[in-house]
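>>> what would the 3D arrangement of this be:
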Amino acid sequence: MADPTNSTSSPFDLVVLGAGSGGYACALRASQLGLTVALVEEDKIGGTCLHRGCIPTKALLHAAELADGARVGAAHGILTTFEGIDTAALHARKDKVVSQLYKGLTGLIGQAGIEVVTGRGRLVDATTVEVEGEGGTRRVSGRTVVLATGSYARTIPGVELGPRVMTSDQAMNLAEIPQRVAVLGGGVIGVEFASMLRSFGAEVTVVEALDRIVALEEPSISKHLTREFKKRKITTLTSTRVTSVEADEQRAIVHLEGADPLEVDLVLVAVGRGPRSDGIGLEEVGVATDRGYVPTDERLRTGVEGVRAVGDLVPGLQLAHRGFAHGIFVAEDVAGLDPKPVDDVTIPKVTYCDPEIASVGLSTEAAKGAGKDVETVTYPLGGNGRSIIRGTTGSVTLVREKDGPVLGVHMVGLGVSELISEAQLAVGWEAHPEDIAPLVHAHPSQGEALGEAAMLAAGRPLHAHA
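Numbering: from 1, shown residues only. As a prediction, the model looks like this:
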């Protein structure tokens, strides 16, 4: 780690502000390409994804899956019962996973010779970041500055956080599992936590202002998830707005527009994430923002020469792997490799609730809106042997241009997160269903469902009706 000083260091090729997914990926790739890199971070390398987001939440969701497995063991001839949650052990396991990945990541950063500058950074001009650390202030200069400050958990105006009202940042470290939970927001974060907390034994109600949960997915997927949540006794209230939240040390009351109030033990505010752009010198340097986001061109250049932006700070999908791709792209572009810009359409999306949701490419509505003549086929997981064995229902929906390539793949069901990579290749390489249909998929596997959907779209179904 670099010791902060009052002097300005010699210029680096790259100064990266923020060491989350986009920032550290940019730093590592730039170092591989022979560039000198300073990585500025006020907290821990790895950012939200590693420490408060993707990794710890998926560790908890895996535990939730094990809890559900214990409940249904007898149906498979395994004599198990669900006795409850040991939250200390639950968090110890989660923290062990995070610690292992953090240790590996910091080792990679050190081995790459990247200079880590610890402290809060802000732009003072287009080539200089001023860092306030425990030992004082240091200015770090670079030929290119990369903004990678990520995002924060949004809250609802007028709703104060506290012991009974939390965002995902606090909710992943619950000391005990609450009996009754209201989840405000039916997007990715909301349904993941709803699913997890229900598996841990809580009574859960999801409140969503839009007319369906996971509204960015295909309507059929929203409908399926709502139906499966109902089977799990998770209540979903759609087209319902929150007017206020009252809370004391014992309980919270959520007041709703046009519906009875909810009295609960915990309110989880899951209304999305906002760009972390305040207080980093953007306005002073002339970097334009739009609702806090930093607009860029396709090469992730801001309007200020030499200043790039990556990840959640840039309008579009808020996904760690998009940040990785942005960071790698900028490093290669600065190094003169002329990489292909990152296209949000080809970036896969996964929601790790039960059942899982995975999608990539255009939805049916978006494809039609783009002027495409669209054909859509759906293959039910009820015809897939491995899915029946695993006890899941769901489907694989394939959207294609008529007589043309696959435009989108949309899946729901336990285990579909592991099918998305093949779907991404199909969309990214503009494969036709006729190209995929002859490929032999292992039997029995859930991957067969994707092959069957392609066969159906190509007019040669095997385990489905044409």
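>>> quick check, Ile109 in a strand?
No: Ile109 sits outside any strand when classified using DSSP: H, G, I helix; E, B strand; the rest coil, being helix.
>>> any idea how far Phe12 is from it?
Look at Ile109 and Phe12: by C-beta to C-beta, to the nearest Å, they are 14 Å apart. In this view, the C-beta of every residue, glycine as well, is placed from N, C-alpha and C.
>>> quick one, helices of the stretch 301-450 of the chain?
If DSSP state H, counting those that start in this stretch is used as the criterion, the helices of the stretch 301-450 of the chain fall at 320-334, 364-369, 385-390, 420-428, 433-436, 447-457.
>>> can I get these in JSON lines with distance to Thr144?
Shown next, in JSON lines, are those (distance: least, C-beta to C-beta, whole Å):
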{"stretch": "helix 320-334", "distance to Thr144": "5"}
{"stretch": "helix 364-369", "distance to Thr144": "34"}
{"stretch": "helix 385-390", "distance to Thr144": "48"}
{"stretch": "helix 420-428", "distance to Thr144": "28"}
{"stretch": "helix 433-436", "distance to Thr144": "40"}
{"stretch": "helix 447-457", "distance to Thr144": "40"}
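>>> got the buried residues for the longest strand along the chain?
Ranked by residue count under DSSP state E, the longest strand found in the chain is strand 136-147. Across strand 136-147, burial judged by 16 or more other C-beta atoms under 10 Å covers 138-142, 144-147.
>>> ditto for stretch 352-364
For stretch 352-364, by 16+ other C-beta under 10 Å, it's 352-364.
>>> for stretch 218-230, same thing?
Under 16+ other C-beta under 10 Å, the buried positions of stretch 218-230 are 218, 221-222, 224-226, 228-229.
>>> next one: stretch 432-445 to chain centre, how far?
28 Å (C-alpha atoms, centre = their mean, to the nearest Å).
>>> how far does that stretch stretch from start to finish?
Terminal residues of stretch 432-445 are spaced 22 Å apart (C-alpha to C-alpha, to the nearest Å).
>>> and what of stretch 165-180?
So stretch 165-180: terminal residues 12 Å apart, C-alpha to C-alpha.
>>> contact partners of it?
52-53, 56-57, 60, 85, 87, 91, 94, 153-155, 159, 161, 189, 193, 197, 200-203, 245, 247, 252, 263-270 (C-beta atoms under 8 Å, 6 or more residues apart in numbering).
>>> isn't Gly361 up against Thr346?
Yes: the pair Gly361 / Thr346 is scored as a contact, 7.0 Å apart, by C-beta atoms under 8 Å.
>>> which among the contacts of stretch 165-180 count as buried?
Counted by 16+ other C-beta under 10 Å, these give 52-53, 56-57, 60, 85, 91, 94, 153, 155, 159, 161, 189, 193, 197, 200, 202-203, 245, 247, 252, 264-270 as buried.
>>> restricted to helices, list these.
Under the assignment DSSP state H, these contribute 52, 56-57, 60, 91, 94, 189, 193, 197 to helices.
>>> tabulate those (a markdown table), appending pLDDT and distance to Thr392.
Converted to a markdown table, those look like this (pLDDT from 0 to 100; distance: C-beta to C-beta, whole Å):
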| residue | pLDDT | distance to Thr392 |
| --- | --- | --- |
| Arg52 | 96 | 29 |
| Pro56 | 98 | 25 |
| Thr57 | 98 | 21 |
| Leu60 | 98 | 20 |
| His91 | 98 | 28 |
| Lys94 | 98 | 25 |
| Ile189 | 98 | 22 |
| Phe193 | 98 | 21 |
| Leu197 | 98 | 20 |
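>>> redo those as a markdown table? Include distance to Gly133.
Output for those, formatted as a markdown table (distance: C-beta to C-beta, whole Å):
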| residue | distance to Gly133 |
| --- | --- |
| Arg52 | 21 |
| Pro56 | 26 |
| Thr57 | 30 |
| Leu60 | 32 |
| His91 | 29 |
| Lys94 | 29 |
| Ile189 | 31 |
| Phe193 | 34 |
| Leu197 | 38 |
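>>> of the residues you listed, which pair is most distant in space?
Largest separation among those by C-beta to C-beta: His91 and Ile189, giving 18.8 Å.
>>> for the stretch 201-350 of the chain, what spans make up the strands?
203-207, 235-237, 242-247, 252-256, 259-264, 266-269, 273-275, 307-309, 349-351 (DSSP state E, counting those that start in this stretch).
>>> just so I know, which of these lies nearest Glu284?
Nearest to Glu284, of the strands of the stretch 201-350 of the chain and by C-beta to C-beta, is strand 307-309 at 12.3 Å.
>>> same for the closest one, what does it pack against?
Counting contacts by 3 or more C-beta pairs under 8 Å, 6 or more residues apart in numbering; DSSP states H and E, strand 307-309 is packed against strand 136-147.
>>> can I get the strand it packs on in CSV? Just the C-alpha atoms.
Provided in CSV are the C-alpha atoms of strand 136-147 (Å, rounded to 0.1, in the frame of the first residue of the first chain):
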residue,chain,number,x,y,z
GLY,A,136,-2.7,13.2,4.9
THR,A,137,-3.4,14.3,1.4
ARG,A,138,-1.8,13.1,-1.8
ARG,A,139,-2.2,14.0,-5.4
VAL,A,140,-1.9,11.2,-8.0
SER,A,141,-1.6,12.1,-11.7
GLY,A,142,-2.3,10.0,-14.7
ARG,A,143,-2.4,10.3,-18.5
THR,A,144,-5.9,8.8,-18.3
VAL,A,145,-8.2,8.9,-15.3
VAL,A,146,-10.9,6.2,-15.0
LEU,A,147,-14.0,6.8,-12.9
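>>> how far is that strand from where the chain is centred?
With C-alpha atoms, centre = their mean, you get 28 Å for strand 136-147.
>>> show me what that strand is packed against.
Looks like strand 136-147 contacts strand 12-17, strand 37-41, strand 120-125, strand 128-133, strand 307-309, helix 320-334 (3+ C-beta pairs under 8 Å, 6+ apart).
>>> any chance of those in a markdown table with mean neighbour count as columns?
What follows is those, written out as a markdown table (neighbours: other C-beta atoms under 10 Å):
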| stretch | mean neighbour count |
| --- | --- |
| strand 12-17 | 26 |
| strand 37-41 | 28 |
| strand 120-125 | 20 |
| strand 128-133 | 20 |
| strand 307-309 | 27 |
| helix 320-334 | 24 |
